[in-house]
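Novice: coords please:
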Amino acid sequence: MRQEILVGGQTRSFIVLTAGSGTEPTAPHSLEAVVIVLHGSSQTGLSMRAFSGNSFDKLAETGRVAVVYPDGLKKLWNHKKSAHMATDDVAFLAALADHFHRLHGPIPVIVVGFSNGGQLVIRLIHEIPGKLHGAAIIGATLPRPGGLVFSDKHQPLPVMLVHGTHDVVVPYGGEGWFANLFGKVRGPSALQTAQYFARRNLISAPPVTVALPHRRESGRTSVTLSRFEQDGHPPVALYTVAGGGHVVPHRRRKTISIAGRTTQDISAVEALTEFFPVLQPWPPAR
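Specialist: Numbers count the residues shown, from 1 in each chain. The predicted structure is shown next:
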């Protein structure tokens, strides 16, 4: 169901999915979490829903989770410019979180972003952590040194990342892949981005890295999971998709697309559900 909200004098739109609204109806439960999924550049909330194979919709089928697909103005998110210079998307996402908190109380709000949406998620982690339960970044890395031009509330949050090593849009090795050829500093890699958030969460223990089981239908791709964990600190997890492109892994995508290879060794939404227990089915499946 498409809805609208007024933020800073602008009408902003978003799609909300709950049990019975575009998904199969289930036994009623009170809403216990919200997942906000941010699209990439040149996409919309609706096209992001299709691009991810409608996989996030599955979360709504429990009746406990609302899945929200907001629309960026002109199909873009303002992930770094000051509010007086451009659209204030931080205010939009803060207003969305407040909207669901007014309706359902202080339930967890988890924000997921792909590509340009992932860049906005990085900003949200710094600027409005108090409104979020956690975040997931897919196909995005920290900007080059000096690129974090926004404020930082310095509040730790659980962060999950997914990135393909053959991503040519946002390279796994960091923003500005050819920067070194011109004497410029390249941005942090996907691994360095994960390490940054681990340090920000005051995790000093080294990550534990494991190779995930390989499926034949995954072809030339494979996945390793690096978990940064320490008692008393929010965790950070990085899924590295070896051979993977600029995609959101899900069970319906073909092996190769124009954005590169995907994998069947993980599904982004299944990884999200494992990382954030509040999203797991209830009552437990038997």
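Novice: so residue 246 touches residue 165, yeah?
Specialist: No - in this structure, residue 246 is not within contact of residue 165 by Cβ atoms under 8 Å, at 11.2 Å. Glycine gets a C-beta too; all of them are placed from N, C-alpha and C.
Novice: Between the two, point out the one with more neighbours.
Specialist: When residue 246 is set against residue 165 and neighbours are counted by other Cβ atoms under 10 Å, the residue ahead is residue 246, at 23 against 19.
Novice: about what we covered before: now for residue 246 and residue 165: what residues contact both?
Specialist: Common contacts of residue 246 and residue 165 (Cβ atoms under 8 Å, 6 or more residues apart in numbering): none found.
Novice: what ranges of the stretch 1-150 of the chain fall below the confidence cut-off?
Specialist: Low-confidence regions of the stretch 1-150 of the chain, defined here as pLDDT under 70, cover residues 20-29, 83-85.
Novice: can you pull out the helices in it?
Specialist: 45-51, 89-104, 116-127 (DSSP state H, counting those that start in this stretch).
Novice: so which of those gets nearest residue 258?
Specialist: Each of these was checked against residue 258 via Cβ to Cβ, and the shortest separation belongs to helix 45-51, namely 11.4 Å.
Novice: Show me what the closest one is packed against.
Specialist: Applying 3 or more Cβ pairs under 8 Å, 6 or more residues apart in numbering; DSSP states H and E, we find helix 45-51 packed against strand 10-17, strand 33-38, strand 65-70.
Novice: For it, buried residues please.
Specialist: 45, 48-49, 51 (16 or more other Cβ atoms under 10 Å).
Novice: Identify, from the residues you listed, the entry nearest to residue 157.
Specialist: Distance from residue 157 was checked for each of these by Cβ to Cβ. The minimum falls on residue 48, at 22.0 Å.
Novice: That closest one reaches residue 41, doesn't it?
Specialist: No - counting by Cβ under 8 Å, residue 48 sits too far from residue 41 to count as a contact (11.0 Å).
Novice: ok, now which ones touch residue 275?
Specialist: Going by Cβ under 8 Å, 6+ apart, residue 275 touches 134, 136, 158, 160, 235, 237.
Novice: Check the residues you listed and tell me the two furthest apart.
Specialist: Taking Cβ to Cβ as the measure, the contacts of residue 275 reach their widest spread between 136 and 235, a distance of 12.3 Å.
Novice: Looking at those two, which one has more neighbours?
Specialist: residue 136 (27 against 18).
Novice: Against residue 113, how distant is the more buried one?
Specialist: 7 Å (Cβ to Cβ, to the nearest Å).
Novice: what does residue 160 give?
Specialist: Going from residue 160 to residue 113 by Cβ to Cβ gives 11 Å.
Novice: and for these two, which residues touch both?
Specialist: By Cβ under 8 Å, 6+ apart, residue 160 and residue 113 have these common neighbours: 135-137.
Novice: I'd like those residues laid out as a markdown table, including distance to residue 192.
Specialist: Written out in a markdown table, the entries for those read as follows (distance: Cβ to Cβ, whole Å):
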| residue | distance to residue 192 |
| --- | --- |
| 135 | 17 |
| 136 | 18 |
| 137 | 13 |
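Novice: Of those, just say which sits nearest to residue 188.
Specialist: Sorting the shared contacts of residue 160 and residue 113 by distance to residue 188 puts residue 137 at the head of the list, at 12.1 Å, by Cβ to Cβ.
Novice: That closest one - how many residues pack around it?
Specialist: The local packing of residue 137 (other Cβ under 10 Å) involves 30 other residues.
Novice: What sits closest to it if chain neighbours are left out?
Specialist: Of all residues not flanking residue 137 in the chain, residue 118 sits nearest, at 4.3 Å (Cβ to Cβ, 6 or more residues apart in numbering).
Novice: what does residue 40 give?
Specialist: The shortest distance from residue 40 to any residue other than its chain neighbours is 3.3 Å, reached at residue 115 (Cβ to Cβ, 6+ apart).
Novice: Spatially central residue in the chain, please.
Specialist: For the chain, the residue sitting closest to the mean C-alpha position, by Cα atoms, centre = their mean, is residue 112 at 2.5 Å.
Novice: Quick check: beta-bridge partners of that one?
Specialist: For residue 112, the beta-bridge partners under DSSP bridges are residue 37, residue 136.
Novice: my guess is it contacts residue 272, does it?
Specialist: Yes - taking Cβ under 8 Å as the definition, residue 112 is a contact partner of residue 272 at 6.7 Å.
Novice: Give me the secondary structure label for residue 226.
Specialist: Here residue 226 is strand, with the state taken from DSSP: H, G, I helix; E, B strand; the rest coil.
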